[in-house]
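# this one's sequence-less:
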């Protein structure tokens, strides 16, 4: 008797690929994908249920399918793909709340895996060099993705308090990078000329897309409760990353980069959010000791290797995904 | 002029008998050998020089690319072959053209290719030393690594290679020639393992931190990892340089992480109070923060090494401040010294005071339990002990030194 896994956010590439990979796992019997729009690619053995996690129908899906593991991946980072910031916030926060409420009612759910992000730590000049899991952001995020994730994490912690019998694993993944990833950061690196903030050289940490799949599967099958930072080993500075990519870059004062980012967002060339500007100014590093000691996961790619893999995909198909929002 | 320079030391060094100028055609001070000398020289037999222009003309009309290629081809030929080729110009017109285009200017300039190579090698040896080939290759590899981003940084963004090859090299002459750094008590720096260097802070601009980093690197062969105020990481350029130089934010998390990672960490607990104090209060230690550095050392069990720096107070005597402007710019103070801002950029040159750095005996903290770091009384006591040690060493050093600029 294998596990029955419900995956949210399956219409997005990462969610779809995770669901497919999970369906191939021998310890997982069935994978059910949920989203408001059908996935565009091949989903293999995954059964797709068209449901909106923002309304209580999701509870019926969980009950009917005897779901015992929920992998919540539908936290979206860019307002562009959701159709505006309001929709994005509703999808992220209300969707998560509904999903957690449904799980709380359910008698079958034993395990919840939430894909969070290290963006919750924010980035600023007063940050420690490496964030551990028990540190919070130095300054509360005021808007955008970081705030959404911060709120979702709060609800997840609340759920874990109310249902101590359910193993809740929160994966704070570093910036995911890889040949198939289209995120604000990968789109930034796909720009023909990379704008940099003058006088700052942020430290960046990456997680390869395969490792994200790996860690989510590991968490779904092993069920280790807790919050874990997940990132590739080592760090790259932005100047290093740009030089390794070989793309020309131009250093501009911070306000000019912000202005340019806003213009590009309006022109739908790139999603350059204010928190990304902070990230590209001050950077961020997270400590991954607990990922190894408690979660028992070992990423296959280091930060530099993940980035090199991304660079290879760029040089192989230089125009693929360029300028996509 | 260049020839003069070359001959002058030769005359100094070698006794040349009067009446001879050395080998024929050499040492006359002129670039072009005399006609007599040209006749004497065995290989430069060019009596049919008058005919040569005629032979050169067709070559001049040829495409430049071909000429260049021909030049390259002949340039690699040994001189003996050239000489033999030039002797039959009629039978091999193409070869003659080549010879005409290449050997003619060489006869004018008179410097064979071997000399050029020797000169380049000599220059390289002059710049890089005896194993210049290795060193040159290393330099090129370094440049390539920098340009391609193939270097490594650690978790704090510390770029070891850049620090060693650039920052330290740039600071060394300032430390040795300008401030004439004298370092005492080096045996107190442990050869490995974590340790916390606690120093007084002075000099309006944190040059004392940079000098301490250099002194530790050059004499103790370790990298001092400074803990910087958050202003450092807020300022553009300064922040990226600080991270590359090995600094990190002065917070409990980073201090403990670095100390437990076995790094030699430097801290200046007086902070801006110390560095921006008026000249009249020189060598009077300010309050040592909240003693966070002591609790970090207690928790990680590393020794505290007190460091007293004398000389940094005099580099920019701070006689005034513009608090309103400082508040506007968000910096702790705007310094006014006897020379700044009156002399403009010239006022930014630090005064060449003589510096003494004395590392004191380590204060061990491993006898305490890590839990005792929570005891505020113990933390205050150790803080005071460190502060008193530094203050007394400062007074001793001041009595010891002969004059500010001595």
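Thanks, I have the structure now. Since the structure is predicted, the reported quantities are computational estimates derived from the model, not experimental observations.
# what's near enough to touch residue B:274?
Residues near residue B:274 by C-beta atoms under 8 Å, 6 or more residues apart in numbering or on different chains: B:200-202, B:268, B:285-286. All C-beta atoms are positioned from the backbone trio N, CA, C, and that covers glycine.
# please redo it, this time with the cut-off set to 7 Å
Residues in contact with residue B:274 (C-beta atoms under 7 Å, 6 or more residues apart in numbering or on different chains) are B:200-202, B:268, B:286.
# compare those and tell me which is most surrounded.
With neighbours taken as other C-beta atoms under 10 Å in any protein chain shown, the top of the contacts of residue B:274 is residue B:202, carrying 31 neighbours.
# any idea of the pLDDT on the residue in chain A positioned nearest to chain B?
Residue nearest to chain B within chain A: residue A:199 (2.5 Å; C-beta to the nearest C-beta). For residue A:199, the model assigns a pLDDT of 91.
# and for residue B:11?
For residue B:11, the model assigns a pLDDT of 47.
# give me the nearest residue to the residue of the stretch 51-200 of chain B found nearest chain A, chain neighbours excluded.
Distances between the stretch 51-200 of chain B and chain A by C-beta to the nearest C-beta are smallest at residue B:149, namely 3.2 Å. Of all residues not flanking residue B:149 in the chain, residue A:243 sits nearest, at 3.2 Å (C-beta to C-beta, 6 or more residues apart in numbering or on different chains).
# got the contact list for the helix or strand containing that neighbour?
Taking DSSP states H and E as the criterion, residue A:243 maps to helix A:238-245. Residues outside helix A:238-245 that contact it (C-beta under 7 Å, 6+ apart): A:189, A:194, A:196, A:201-202, A:204, A:249, A:280, A:307, A:311, A:314, B:147-149.
# got these as JSON lines, with distance to residue A:295 and neighbour count columns?
Shown next, in JSON lines, are the contacts of helix A:238-245 (distance: C-beta to C-beta, whole Å; neighbours: other C-beta atoms under 10 Å in any protein chain shown):
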{"residue": "A:189", "distance to residue A:295": "28", "neighbour count": "18"}
{"residue": "A:194", "distance to residue A:295": "34", "neighbour count": "18"}
{"residue": "A:196", "distance to residue A:295": "34", "neighbour count": "18"}
{"residue": "A:201", "distance to residue A:295": "31", "neighbour count": "25"}
{"residue": "A:202", "distance to residue A:295": "26", "neighbour count": "25"}
{"residue": "A:204", "distance to residue A:295": "22", "neighbour count": "23"}
{"residue": "A:249", "distance to residue A:295": "36", "neighbour count": "16"}
{"residue": "A:280", "distance to residue A:295": "29", "neighbour count": "23"}
{"residue": "A:307", "distance to residue A:295": "23", "neighbour count": "26"}
{"residue": "A:311", "distance to residue A:295": "28", "neighbour count": "18"}
{"residue": "A:314", "distance to residue A:295": "31", "neighbour count": "19"}
{"residue": "B:147", "distance to residue A:295": "38", "neighbour count": "10"}
{"residue": "B:148", "distance to residue A:295": "35", "neighbour count": "12"}
{"residue": "B:149", "distance to residue A:295": "31", "neighbour count": "19"}
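# for the residue nearest to residue B:149, grab the count of nearby residues.
Here the number of neighbours of residue A:243 (other C-beta under 10 Å) works out to 19.
# one step back: surely the residue of chain A closest to chain B is in a strand?
No. Residue A:199: not assigned to a strand; according to DSSP: H, G, I helix; E, B strand; the rest coil it is coil.
# tell me who's in contact with it.
Contact analysis of residue A:199 by C-beta under 7 Å, 6+ apart lists B:236-237, B:239-240.
# closest to chain A among those?
Proximity of the contacts of residue A:199 to chain A (C-beta to the nearest C-beta) peaks at residue B:236, which lies at 2.5 Å.
# since that was my last question, I'll sign off now.
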